[in-house]
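1. sequence and computational prediction follow.
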Amino acid sequence: MANAGNVLKMLIPTGGFIIRGDEYEGIEFVDCEPISKEEFEAGFAQYDAWKAQQEAEALAKRTTALAKLEAVGLDEDDLKALGL
């Protein structure tokens with residue numbers, strides 16, 4: 001379940017806002033373009049799908065990176081041994 005901070009980070013990933021509580025009225029747009037109350041409220045319905053997409057993309061990148069490591073004869077344990 002998303003909270004207001006999660007939704008704002010999704011809608012305004014560069015930041016520039018301050019939020020007090022979980023209501024639109026508690027948002028102060030300091031160094032960013034303001035969003036409307038409707039955009040903010042719609043963000044709650046969009047957040048779970050967005051978060052799942054972000055996690056899927058991160059997993060895909062990790063899988064690709066591991067495949068590349070295996071191609072040169074390395075694995076995760078090798079990276080840990082190197083402190084990476």
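-> Cool, the structure landed. None of these values were measured; they are calculated from a predicted model.
2. what about the closest residue to E39 other than its chain neighbours, neighbour count?
-> Once flanking residues are discounted, E39 sits nearest to L11: 6.5 Å by C-beta to C-beta, 6 or more residues apart in numbering. No exception for glycine: its C-beta is placed from N, CA and C like everyone else's. L11 is flanked by 17 other residues according to other C-beta atoms under 10 Å.
3. which parts of stretch 12-19 are buried?
-> Buried residues in stretch 12-19, counted by 16 or more other C-beta atoms under 10 Å: 12, 17, 19.
4. pull the distance from the one helix or strand L8 maps to to the chain's centre.
-> Using DSSP states H and E, L8 sits in helix 4-11. Remark: helix 4-11 is offset 9 Å from the chain centroid, using C-alpha atoms, centre = their mean, to the nearest Å.
5. not counting that helix itself, show me its contacts.
-> 15, 17, 19, 21-23, 26-27, 35, 39-40, 43-44, 46-47, 50-51 (C-beta atoms under 8 Å, 6 or more residues apart in numbering).
6. ok, back up a step: reformat the buried residues of stretch 12-19 as CSV; add distance to A67 and pLDDT.
-> Listed next are the buried residues of stretch 12-19 as CSV, based on distance: C-beta to C-beta, whole Å; pLDDT from 0 to 100:
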residue, distance to A67, pLDDT
I12, 34, 97
F17, 39, 97
I19, 40, 95
